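Asks: How does the following fold in three dimensions:
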Amino acid sequence: MLISINEQDYRPVYVQIVNQVKQQIQDGSLKPGDELPSVRELASSLGINMHTVRRAYLVLRDQKLLVFRLGQQARVARLRSRPAGSAEVAAVIGERLQELITEAFLLGLSRDDFRQIVDEQITIRTKES
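Replies: Residues are numbered from 1 along each chain as shown. Here you go, the predicted model:
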């Protein structure tokens, strides 16, 4: 697992870690059952506070992407066998999607422009995995 922190990124460090782990699960670099470095190891390698890494791991656990077992390192959880229901989708990505829609509007993008960008990103992500 390769994680890097971008000091110029406006997002908190724990969010950067969460997003990079998610991307690595999505692209297949991390597979179900793979162990992640311990909180102490990752914090040390990144030069950050252990609590920051722990927070990222807890977010990933709460999103059911990591599994913790007593005395073992965190592992990537099994992937869903079925897609999430509409209520869960709305709860998980609805607010963030609304933020992106607002940003697109403020950048002067039309609905079609926004949809095209989303379609292009989906195409890129599915080619990578």
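Asks: Okay, now the unreliable bits of this protein?
Replies: 128-129 (pLDDT under 70).
Asks: what separates the residue nearest the centre of the chain from Q26, distance-wise?
Replies: By Cα atoms, centre = their mean, the chain has its centre lying nearest to N19, at 2.9 Å. According to Cβ to Cβ, to the nearest Å, N19 stands 10 Å off from Q26. Placement of C-beta: from N, CA and C, glycine included.
Asks: And for R125?
Replies: As for R125, its distance to Q26 is 7 Å (criterion: Cβ to Cβ).
Asks: and if you look at L107?
Replies: Computed as Cβ to Cβ, the L107 to Q26 distance reads 25 Å.
Asks: The two: who's more crowded?
Replies: A count of neighbours by other Cβ atoms under 10 Å puts Q26 above the other of L107 and Q26, at 14 against 9.
Asks: And for L66, the neighbour number?
Replies: By the criterion of other Cβ under 10 Å, L66 has 21 neighbours.
Asks: OK, contacts around the closest residue to it other than its chain neighbours?
Replies: Distances taken as Cβ to Cβ, 6 or more residues apart in numbering put L60 closest to L66, at 4.3 Å, once the chain neighbours are dropped. Neighbour list for L60: 18, 21-22, 66, 74 [criterion: Cβ atoms under 8 Å, 6 or more residues apart in numbering].
Asks: What's the local residue count around the closest residue in space to L109 that isn't next to it in sequence?
Replies: Distances taken as Cβ to Cβ, 6+ apart place I117 nearest to L109, at 7.4 Å, with adjacent residues excluded. I117 is flanked by 13 other residues according to other Cβ under 10 Å.
Asks: What of S29?
Replies: S29 has 15 nearby residues by other Cβ under 10 Å.
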